[in-house]
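Peer 1: The following comprises the amino acid sequence and a computationally predicted model.
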2 protein chains.
Amino acid sequence: MEREVSKEERYVKKLTSKSVDFSKWYVEIIRKAELADYAPMKGMMVIRPYGYAVWENIQRLLDERIKAAGHSNAYFPLFIPESFLQKEAEHVEGFAPEVAWVTLGGNEELEERLAVRPTSEAIICSMYSKWIKSWRDLPVLINQWANIVRWEKVTRPFLRTTEFLWQEGHTAHESHEEAKKETLMILSLYKEFVENELAIAVLAGKKSDRERFAGALETYAIEALMSDGKALQMGTSHNLGQHFSKVFNIRFEDREQKLQYVWQTSWGVSTRLVGALIMAHGDDSGLRFPPRVAPIQVIIVPIAVGNWKESVLPQAQEAEKKLRDKGIRAELDERAEFTPGWKFSEWEMRGVPLRIEIGPRDIKAKQVVLVRRDTGQKESCPVNLLDKKVSAVLKDIQDSMLKENVKFQQGNTHEAKSYDELKEVIEKNKGFVKTSWCGRQDCEDKIKEETMATIRVISLEKTEKGAPGECVFCKKKAENLVYFARAY
Amino acid sequence: MEREVSKEERYVKKLTSKSVDFSKWYVEIIRKAELADYAPMKGMMVIRPYGYAVWENIQRLLDERIKAAGHSNAYFPLFIPESFLQKEAEHVEGFAPEVAWVTLGGNEELEERLAVRPTSEAIICSMYSKWIKSWRDLPVLINQWANIVRWEKVTRPFLRTTEFLWQEGHTAHESHEEAKKETLMILSLYKEFVENELAIAVLAGKKSDRERFAGALETYAIEALMSDGKALQMGTSHNLGQHFSKVFNIRFEDREQKLQYVWQTSWGVSTRLVGALIMAHGDDSGLRFPPRVAPIQVIIVPIAVGNWKESVLPQAQEAEKKLRDKGIRAELDERAEFTPGWKFSEWEMRGVPLRIEIGPRDIKAKQVVLVRRDTGQKESCPVNLLDKKVSAVLKDIQDSMLKENVKFQQGNTHEAKSYDELKEVIEKNKGFVKTSWCGRQDCEDKIKEETMATIRVISLEKTEKGAPGECVFCKKKAENLVYFARAY
């Protein structure tokens, strides 16, 4: 009875239904849950504490992995002289249209204007050319957590904003072989990270030239399906070859005393991952965070009836302390001005994985009630088993959410043998379409024109499975198995 | 014998002596120890992995404290529209001459130019005016870790660079009382942090109007003495009063349903703290890091004689593992191309607090040799007690370094009863001069003109000790006890 939620309390009802208008739901939930807010400047956002806590969890869990793989963090300048950006022809062509330019410092006009970094290859390469002299200096394995600015025309919180936060790894190696290995190692590190921490299934593969990073030899990416069936690029890893080392003159004396240009990689993921969490897991009641990255893992709601401040509250406080001592991010919502029903609804909307309810009847029974955000499932738990049970349930929620997402991805990946089939799937079912492609940009462009779908990744399975048949568009001999989708 | 250091190995000899030319020593050690390097743009630096690891330790240890005091992190935009910066008259006057301006986005000229944040009050206040409606929304306790740009004319790595990294806290409160309390709470949090983690003694006090933050009601600061006797401002905490809330219209309905302007604070420390660590603790052999913030706490150097790779190396590897398992940042230097003597000298120069030497004789004796960076003291330690001993020695090094620095500060703080005395101390002894001041800027300005010393802090002890006598300069009734020093 006391847990009934009255109509006026369910302010979450005001949330646009996800199935009715996904875009509207997305921007609404971001503001209602206080993940982010629009800044007064076009295309910029403020990441509010609840959203930033998600990013901090992502940072911590990914930074551990990047370091365990041998990299160190460093910090390079925000500004890049225009002449540096122009050294690599493809690079400047790709980024110049998106650059914010500093032209005045104090009251003086600058002799050379400075780009606010749209990515840091140019400034980092200029330093590497000073630091790297011998094979003994290699590999250089550096990562940077930084803010990035790209003057985007169409923006969307977390997915595409004028400024965003990211990490960018920049490595230099003795051989092409080693650089390739690094590029692919990072690709699988990203895949493992996103699947195990964000509970989102990803496809890992290579990008076609059309979507290759400006200046790279090869770009690899991980791609996930959002719950509207559109794909989202979650992270990229670039094999830069010697494109940058040749123009920035990054040379080393090799083991045979010969001067060689280094082989490089770069790779990154950004605050876009917060957008992915929202779009991959959210539902009509709001957000659903996987426990590993949830800002609050457990919300404790005391049932405020009778003399609850004397009877229920101390038990709730004890539960909070017990969980926190175990390293669980638990919080107690003891606000007196809101009803329990209102709180249930609010914390569901904010995506807290597990709710603990404690009422007078529970105290008599020496138990609490656990309610899962992912399934809505309720169960009671004896107070003396609380910390063990909560740890186990959080782990189970994490696993279930990944399983659910894997299933979603599989259910929304279709093979297309013909172009008609491809068009039909893209139009009706959305999701990924697995098909064969000749490797020519011409076919890719035409498919995009007609279906708005692009090649998200070229499968890396090719060699195992043998020849992939004929191109879905031109019917010529296919070179690759690819995944098409409409994408963000 | 095997531990002798030959002359050509001691490349540290090439380091300028600290006592001979402190400035030159400072910039040399930064580059030799690979803490930072000059970027190709004037006044900008690159923080290299070894230097950035110090900053990461500072961040982690300070972030814990800021959060434990109830604050959350968030992220606000890099750019601030010019009109926002202009709202608070004193604020714009103070910062406009140092601003880098973005005037072009992509290929379009911007209608309103954007300041690259020299500090974030203006953009944060514009958001607070949207978020704060009622006393229930207060206090707002937000912190941000971010990069800052100020177009400085004279720069110096870590101490004053065009771009630097910092944290900036921005809080809003119901009453002036609460805002004052927050300002002072942060001041003591900073003091405790710098003393216990950086092992640097600080004076905490108030700034005179001359050095007040542009737009603040009152500025408080912590100040330390560097080993050349000059003072360095280590962190500031500002009571902003209602200066910003009035111009940004940040109002809330108070408990009596009346509209009130909020009371605000802001506070920050920056990568300048890395410079402080170098200047407060370094010596003629190079850096000396306190263990709590040292990137590497223990360096293990195997003595490479005979079949050391079979005999000594496995023991060294085991020691490294044992220490790391205890959470100690230990590293093994197993490079074959350098002699032990060269390595001793290098790691001394890089400031590692404790060196472990393991040679064939040590293995026979089931011991290792520990050498402290702070005192040069050597002692042997049985292998089976290694982890306990190392933890204890690291703690002792930390404590000793703070004691040493407290003693240095005390030994270099002199009281001056007359202006002649003040001038003499500043000229000869350097350090802090404690004296009395009438509170008028006129006297302060003249003292600065003649001695290059400024008021670093106004003592907070005033009320306890009664009236401070007469002003050291004008002989009129003094209002405050103050500390003068020449400063960075």
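Peer 2: Sure, I can see it. The shown structure was predicted, so the numbers you read here are calculated from the model rather than taken from an experiment.
Peer 1: For A:D63, give me its contacts.
Peer 2: Listed by C-beta atoms under 8 Å, 6 or more residues apart in numbering or on different chains, the contact set of A:D63 reads A:73, A:143, A:145, A:167. Where C-beta positions appear, they are placed from N, C-alpha and C, glycine not excepted.
Peer 1: Among those residues, which lie within strands?
Peer 2: The members of the contacts of A:D63 that map onto strands under DSSP state E are A:73, A:143, A:145, A:167.
Peer 1: re earlier: can you narrow the contacts of A:D63 to ones near chain B?
Peer 2: Contacts with chain B within those, as defined by C-beta under 8 Å from any C-beta of the partner chain: A:N73.
Peer 1: ranking the contacts of A:D63 by neighbours, who comes first?
Peer 2: Taking other C-beta atoms under 10 Å in any protein chain shown as the neighbour criterion, A:N143 ranks highest of these with 23 neighbours.
Peer 1: Surely it and A:N73 touch.
Peer 2: Yes: at 5.3 Å, A:N143 counts as touching A:N73 under the criterion of C-beta atoms under 8 Å.
Peer 1: Identify, among the helices and strands of chain A, the element with the weakest mean pLDDT.
Peer 2: Across the helices and strands of chain A, the lowest-confidence element by mean pLDDT, DSSP states H and E is helix A:462-465, at a mean of 54.
Peer 1: which is the next helix or strand following that one?
Peer 2: Next along the chain after helix A:462-465, taking DSSP states H and E as the criterion, comes strand A:480-485.
Peer 1: Walk me through which strands that following strand pairs with, and which way each runs.
Peer 2: Using DSSP bridges, the strands paired with strand A:480-485 in its sheet are strand A:432-437 (antiparallel), strand A:454-458 (antiparallel).
Peer 1: any idea of the mean pLDDT for the next helix or strand after the longest one?
Peer 2: This means strand A:432-437. The element immediately downstream of strand A:432-437 (helix or strand, assigned by DSSP H and E) is helix A:441-451. What helix A:441-451 shows for mean pLDDT is 96.
Peer 1: can you give me phi and psi for A:S227?
Peer 2: Taking degrees, to the nearest 10, you get phi -80, psi 0 for the backbone angles of A:S227.
Peer 1: Name all residues that make contact with it.
Peer 2: Going by C-beta under 8 Å, 6+ apart, A:S227 touches A:18, A:22, A:279-282, A:408.
Peer 1: just to revisit the earlier point, would you mind telling me which of the strands paired with strand A:480-485 is nearest A:F84?
Peer 2: In terms of C-beta to C-beta, the element of the strands paired with strand A:480-485 nearest to A:F84 is strand A:454-458, at 30.7 Å.
Peer 1: For the closest one, give me every contacting residue.
Peer 2: Contacts with strand A:454-458, where a contact means C-beta under 8 Å, 6+ apart, come from A:203-208, A:210-211, A:220-221, A:223, A:231, A:233, A:432, A:437, A:444, A:447-448, A:480-487.
Peer 1: What parts of the stretch 301-450 of chain A come near chain B?
Peer 2: Looking at chain B, the residues of the stretch 301-450 of chain A close enough under C-beta under 8 Å from any C-beta are A:E337.
Peer 1: dump the residue contacts of the most centrally placed residue in chain A.
Peer 2: Centroid check for chain A by C-alpha atoms, centre = their mean gives A:L273 as the closest residue, at 1.9 Å. A:L273 makes contacts with A:58, A:194, A:198, A:234-235, as judged by C-beta under 8 Å, 6+ apart.
Peer 1: mind putting the residues you listed in JSON lines, neighbour count included?
Peer 2: As requested, the contacts of A:L273 are arranged in JSON lines below (neighbours: other C-beta atoms under 10 Å in any protein chain shown):
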{"residue": "A:I58", "neighbour count": "24"}
{"residue": "A:V194", "neighbour count": "26"}
{"residue": "A:L198", "neighbour count": "29"}
{"residue": "A:M234", "neighbour count": "25"}
{"residue": "A:G235", "neighbour count": "28"}
